[in-house]
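>>> Need a 3D model of the following:
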Amino acid sequence: MDEIIERPKYSRPTGPRRNRRNTNNDLMSTIAAAKMLIVVVFLSAIALCKAANTPATDAFVSQVKKITTVNYDVNRYIVSAATKLGVKLPEGKDINGNDVQTSSVANKTDSGDSVNPASDTKSSSLSIDSESVPGIDMQVVDEIGIKGIADKYSFIIPIKGEVISPFGTRTDPLSGSPQFHTGIDIEANMGTSIKAALAGEVTEVGTNPQNDKYVKIKHNDGITTLYGHCSILVAKVGQKVNQGDVIAKVGNSEDKSNSNLHFEVSKDNKLVDPGKLFDILNGDN
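This is a model prediction of the structure:
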């Protein structure tokens with residue numbers, strides 16, 4: 001006779017536990033549907049603004065482009081809203097239903113080193129002549145370094161005009177918050193020819209939210225120049241240009257308030273203050 005094997009009995013989920021699981025699933029589905037609806041409304045608004053093609057809608061679309069380049073933590077905002085509404089999310093899950101790490105694990109870097117949860121993993125300030133400059137990750141060339149560049153290279157000003165926004169910390173014209181300005185803005189009439197400040201090779205021609213249409217040129221000794229807020233791009237990638245060659249035409253900045261050139265200089269990926277550079281070249285320092 002075959003041996004009878006008695007299998008252990010497993011209890012089925014109780015009513016309250018099953019109901020709690022169903023409630024959590026329903027909540028996840030509701031949040032997912034809400035996120036999808038927000039995306040649809042958002043894209044529809046952008047499409048309507050592009051079709052309207054007015055200064056106000058152009059400014060809105062430009063700002064949206066700027067915002068969407070930043071990696072926002074959507075979970076944080078929705079969890080905060082759920083808390084204010086008295087909605088309790090399942091413990092150990094994010095709004096997508098994925099497992100989340102505890103704070104003791106999440107506040108470590110990939111190498112296992114502990115980090116301060118109130119600080120960014122990137123450096124938010126740097127020292128220039130013993131002064132902190134918040135808001136940028138790049139280093140800045142000091143005045144001795146700028147003088148060395150001016151002694152070796154005779155830059156020309158890309159366009160003639162008034163500097164309406166200098167290098168350094170300023171109030172951002174769009175957000176109204178303090179921000180580090182990585183170059184200078186020179187006011188000029190729309191369509192004014194922009195000239196290469198030095199001879200070199202064009203490495204980038206394109207558009208981004210920070211500079212609108214722009215041209216970037218590589219020069220000797222790790223020096224690069226960038227020309228933003230253009231209306232027409234004349235130079236092509238890979239093109240060799242001489243000092244004074246027309247590479248683009250002046251256009252509008254993001255806020256559409258005036259036409260100007262945004263001009264940047266860097267040396268070995270370190271920012272250079274163009275205002276100080278031209279002051280030294282003109283014998284003002």
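>>> low-scoring stretches of the stretch 151-285 of the chain, by residue?
Within the stretch 151-285 of the chain, the segments meeting pLDDT under 70 span 173-175, 253-257, 285.
>>> Okay, strands next: where are they in it?
Assigned strands in the stretch 151-285 of the chain, in chain order: 163-165, 168-171, 178-181, 184-187, 193-195, 200-208, 212-218, 223-233, 240-241, 246-252, 259-267, 270-272 (criterion: DSSP state E, counting those that start in this stretch).
>>> So which bits of the longest one are buried?
Neighbour-count burial for strand 223-233 flags Ile223, Thr224, Thr225, Leu226, Tyr227, Gly228, His229, Cys230, Ser231, Leu233 (criterion: 16 or more other Cβ atoms under 10 Å). All C-beta spots, glycine's among them, are computed from the backbone N, C-alpha and C.
>>> can I get those residues in JSON lines with distance to Ile144?
Formatted as JSON lines, these follow (distance: Cβ to Cβ, whole Å):
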{"residue": "Ile223", "distance to Ile144": "16"}
{"residue": "Thr224", "distance to Ile144": "20"}
{"residue": "Thr225", "distance to Ile144": "21"}
{"residue": "Leu226", "distance to Ile144": "23"}
{"residue": "Tyr227", "distance to Ile144": "26"}
{"residue": "Gly228", "distance to Ile144": "28"}
{"residue": "His229", "distance to Ile144": "30"}
{"residue": "Cys230", "distance to Ile144": "32"}
{"residue": "Ser231", "distance to Ile144": "37"}
{"residue": "Leu233", "distance to Ile144": "35"}
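>>> mind giving me the domain split of this structure?
The record's domain parsing of the chain by automatic domain parsing lists 15-106, 131-281.
>>> Tell me which of the strands of the stretch 151-285 of the chain lies nearest to Met36.
The stretch from the strands of the stretch 151-285 of the chain with the least distance to Met36 (Cβ to Cβ) is strand 200-208; that distance is 28.3 Å.
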